[in-house]
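Enquirer: Quick one: sequence and predicted model below, then my questions.
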Amino acid sequence: MKQKTNKNRVKPEVQYGSRTVGEILLENQLFKDIYPNTELGVDLKLLTRNPGRLPVGVPVDGSIVNDGDDHFTFVENAFRGKKVGVRRNPIFIRGTFVNVHVKEDGSVYPTFNRPNLDKDLSFETFCRGAAKELLYYSQISNLN
């Protein structure tokens with residue numbers, strides 16, 4: 001069996017030379033507000049979810065805190081790969097044609113579901129169904 005090789009691939013050390021990550025980031029316009037700082041001669045304590053040393057080249061999500069003179073502590077996030085956050089504008093009413101969302105300030109707004117238009121559901125039928133749902137929701141929930 002023949003193995004595939006990518007002959008066009010350039011090794012990072014050939015492409016970038018012996019530059020540091022900070023220098024590469026400064027050249028990229030997406031990272032204009034990043035400043036490469038180097039702390040010399042510091043103690044760093046790692047609080048990670050796995051025992052032992054960190055593998056080389058594997059990024060770890062977490063926070064680093066300056067505890068005092070020349071001492072830092074890194075704490076790995078407890079949620080591996082999952083971003084936990086507040087769901088913005090949750091659905092208050094989920095309908096067939098229309099969903100009603102609630103903003104943080106308590107105001108509501110409708111969004112239309114994407115119709116699968118075919119011979120059973122025409123555009124006119126979708127519009128009439130959405131209008132009926134909106135009128136029904138306004139009567140039952142006082143969304144005025």
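Expert: Alright, I've got the coordinates.
Enquirer: could you point out where this protein is predicted with low confidence?
Expert: Applying pLDDT under 70 to the chain flags residues 1-36, 79-86, 141-144.
Enquirer: Please work out how many residues are found near residue 48.
Expert: 13 (other Cβ atoms under 10 Å). Backbone N, C-alpha and C define where each C-beta goes, glycine included.
Enquirer: List the buried residues of the longest helix along the chain.
Expert: Secondary structure assigned by DSSP state H gives helix 123-141 as the longest helix of the chain. Neighbour counts over helix 123-141 (16 or more other Cβ atoms under 10 Å) mark 126, 129, 130, 133, 134, 137 as buried.
Enquirer: In the record's domain split, what are the boundaries for the protein?
Expert: For the chain, automatic domain parsing gives the domain ranges 41-80, 91-141.
Enquirer: Most tightly packed of these?
Expert: domain 91-141 (a mean of 13; mean count of other Cβ atoms under 10 Å).
Enquirer: related to what we said a few turns ago, the buried residues of helix 123-141: which two are farthest apart?
Expert: 126 and 137 (16.4 Å; Cβ to Cβ).
Enquirer: List just the nearest of the buried residues of helix 123-141 to residue 44.
Expert: Comparing those against residue 44 with Cβ to Cβ places residue 137 closest, at 56.0 Å.
Enquirer: correct me, but the closest one touches residue 99?
Expert: No: between residue 137 and residue 99 there is no contact under Cβ atoms under 8 Å: 9.9 Å.
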